[in-house]
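Novice: Need the 3D shape of this:
(4 chains)
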There are 2 protein chains.
Amino acid sequence: MELRQLEYFVAVAEEQNFTRAAARLHVVQSAVSAAVKTLERELGASLLDRNSKRVRLTDAGAALLPRARIALDAARDARDAVAEVHGGLRGTLRIGTMTSIRLLHLPALLGEFHRRHPGVLLHTSVAPHGSQGLIDALAERRLDLAFVSLPGTPPAEIHLTDLASSVLDLVVPDDHPLATREAVTLADIAGLDFIDSPVGYGNRAVTDRAFAAAGLSRRVTIEIPDIATGAEHVRHGLGIALLPRFAVADDHGVRLLSVAGVDLNWTASLATPVDRPVGAAARALISLTAEFLP
Amino acid sequence: MELRQLEYFVAVAEEQNFTRAAARLHVVQSAVSAAVKTLERELGASLLDRNSKRVRLTDAGAALLPRARIALDAARDARDAVAEVHGGLRGTLRIGTMTSIRLLHLPALLGEFHRRHPGVLLHTSVAPHGSQGLIDALAERRLDLAFVSLPGTPPAEIHLTDLASSVLDLVVPDDHPLATREAVTLADIAGLDFIDSPVGYGNRAVTDRAFAAAGLSRRVTIEIPDIATGAEHVRHGLGIALLPRFAVADDHGVRLLSVAGVDLNWTASLATPVDRPVGAAARALISLTAEFLP
DNA sequence: ACCAAGTATCACCGATCGCGATCGTCGCGA
DNA sequence: TCGCGACGATCGCGATCGGTGATACTTGGT
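Specialist: As a prediction, the model looks like this:
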């Protein structure tokens, strides 16, 4: 068993496709097929149940996968540790981010990190399934760190460091009955049609929790993955929305109203695993993030 | 970087000699030399400072070594996990034991383990530096489990499960002034010449602690690594000793006396690491050990 | 100065790996 | 039912890798 074989196996398991795994690994498909076959022969067990249409893990493969990731992470940490001693950090840092990274000034943070550690490749990925998806990816070792928004108690295996927060304001079309008000309550907007992010996104969790805590409900009739388009949807009368002020670049045709008597604070945090040590590059980014805090 | 290279590097680091490492790995010396050189080239750092007389770790090598062990352990756990799913446990379990294994009936325990898991190779090693040395080896990932005797608070990274204990009795030559007594106190034997195990052994720690707790001292003039020879030394007038009864197979010429008013309980425990998960085979042995408890 | 022990280098050879071509399989749509 | 596209497995080939055995070089002790 060698790391190269584990790397190929993990790629196939994650992609559920030899051809895509080969592309990701920058080798031809037959090389991946052969390597996985050799690993199976060496371990004396079938790891993948596959045909021309479908690739699934066997029980043995399911047992191997998390441990293969641990071994690959350990090897990368080993490489990073040597690089740190010998002459600067090396390696790749896999970072998950929410789509609304402007809450955090991430470009400035990551830019500074890159200037300080040019040998580290930053591989950022946005969260197709919101912050909850990032948390899952962190737990499954597909990410090293994640910038998330996760109201409530985080899961036991994740540590959150709060970084920034913004209040969500109500955005209504300027001809809306509530538009003349300076502030409203949740009761004023209960039952109305809302535009919001999908379930799983942090801002969506904040708004859902607020309504639930007040024993009220609303209708989310349109889900948008990018809050920067929220004001546009509001402007065209598709509903009202709770958005941070920074997401409303152009406020013509809409009004922003405060919502009184409720916690609509949307907090962004850095999520790190607690069940394993993080690598040298991850530690460096965590330190830099702390420097960026006010 | 591959596991094979890490394995060769770890072997050289531990043996401090390429030729001995090669013997341990069952390859020729030049294969080890070439593999380490390739690893150094790939990492862009010198890992070992060596010449024909001496092999030492560099700073980069010192940074790599614990992480290399983690990666190798992870790979072995991966292999074991697949074997467990697929058809029984495989692999090697590295067990440290005190020399005085009769306190524990280890042969019976390990015999039963072997019958249940014939695919697991048990590699046992005794403790040249006593239980403390076993604890060090466990922390440094050179052992998976250890049977130790460690009075007092164990270090934070080790978990102890008490398994058995025996009281240490005073053994004197039968013409000794105390020989007519049924029991003595520590005060009676303070200042006398003792035969005992070396520092680091569990039984030695028990006796040293008892004298220290009583504010008394004694002279340990002969240190013996095997307590089974203790009574023989006493018989020949080389000193007196505190030994468990089971270690005195032949009591002619000596008397065994109780020592009142002091804790001379010598406890044997199973030491497991707390900072990392143990492999499948280790978990199986831990379970079997629990079954063997009364 | 000599020697023994150990590491590094070299030539050689068999094994391994990745590539490119191709075969076989499978699910889907007509 | 059939054709098709996509995908995994196999094969031949060339390049590279890894281990062996021999040997050169180095080093510390006598």
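Novice: what's around A:Arg142, how many residues?
Specialist: 15 (other C-beta atoms under 10 Å in any protein chain shown). Where you see a C-beta, it was placed from the backbone N, CA and C, and this is true even at glycine.
Novice: how close does it sit to DNA strand C?
Specialist: Here A:Arg142 is placed at a distance of 22 Å from DNA strand C (C-beta to the nearest atom of the strand, to the nearest Å).
Novice: Which of the helices or strands spans that residue?
Specialist: According to DSSP states H and E, A:Arg142 maps onto no helix or strand at all.
Novice: show me the contacts for it.
Specialist: Counting by C-beta atoms under 8 Å, 6 or more residues apart in numbering or on different chains, A:Arg142 touches A:Glu14, A:Arg94.
Novice: go on, A:Val206?
Specialist: A:Ser149, A:Pro151, A:Leu168, A:Leu264, A:Asn265, A:Trp266.
Novice: And DNA strand D, is stretch A:71-84 touching that?
Specialist: No: if you take C-beta under 7 Å from any atom of the strand as the test, stretch A:71-84 misses DNA strand D, and the best it gets is 14.4 Å.
Novice: do that stretch and chain B meet at all?
Specialist: Yes: interface with chain B: stretch A:71-84 contributes A:Ala71, A:Ala74, A:Ala75, A:Asp77, A:Ala78, A:Arg79, A:Ala81, A:Val82, A:Ala83, A:Glu84 (C-beta under 8 Å from any C-beta of the partner chain).
Novice: Which of the residues you listed fall in helices?
Specialist: A:Ala71, A:Ala74, A:Ala75, A:Asp77, A:Ala78, A:Arg79, A:Ala81, A:Val82, A:Ala83, A:Glu84 (DSSP state H).
Novice: among those residues, who's most crowded?
Specialist: Neighbour max across those (other C-beta under 10 Å) = A:Val82, 29 neighbours.
Novice: so what pLDDT did it get?
Specialist: For A:Val82, the pLDDT comes out at 90.
Novice: how much space is there between it and DNA strand D?
Specialist: Relative to DNA strand D, and taking C-beta to the nearest atom of the strand, A:Val82 is found at 18 Å.
Novice: Now do the same contact list for that residue.
Specialist: Residues near A:Val82 by C-beta under 8 Å, 6+ apart: B:Leu43, B:Ala45, B:Leu47, B:Ala60, B:Ala63, B:Leu64.
Novice: Residue numbers of the stretch 151-294 of chain A in contact with DNA strand C?
Specialist: Checking the stretch 151-294 of chain A against DNA strand C by C-beta under 7 Å from any atom of the strand, there are no hits.
Novice: hang on, the earlier thing: now, which of the ones in helices among the residues of stretch A:71-84 next to chain B sits nearest A:Ser197?
Specialist: A:Asp77 (34.6 Å; C-beta to C-beta).
Novice: The closest one: what's it in contact with?
Specialist: So A:Asp77 contacts A:Pro277, A:Gly279, A:Ala280, B:Arg67, B:Ile70 (C-beta under 8 Å, 6+ apart).
Novice: which non-adjacent residue is nearest A:Arg209?
Specialist: Among residues not flanking A:Arg209 along the chain, A:Pro151 sits closest, at 5.9 Å (C-beta to C-beta, 6 or more residues apart in numbering or on different chains).
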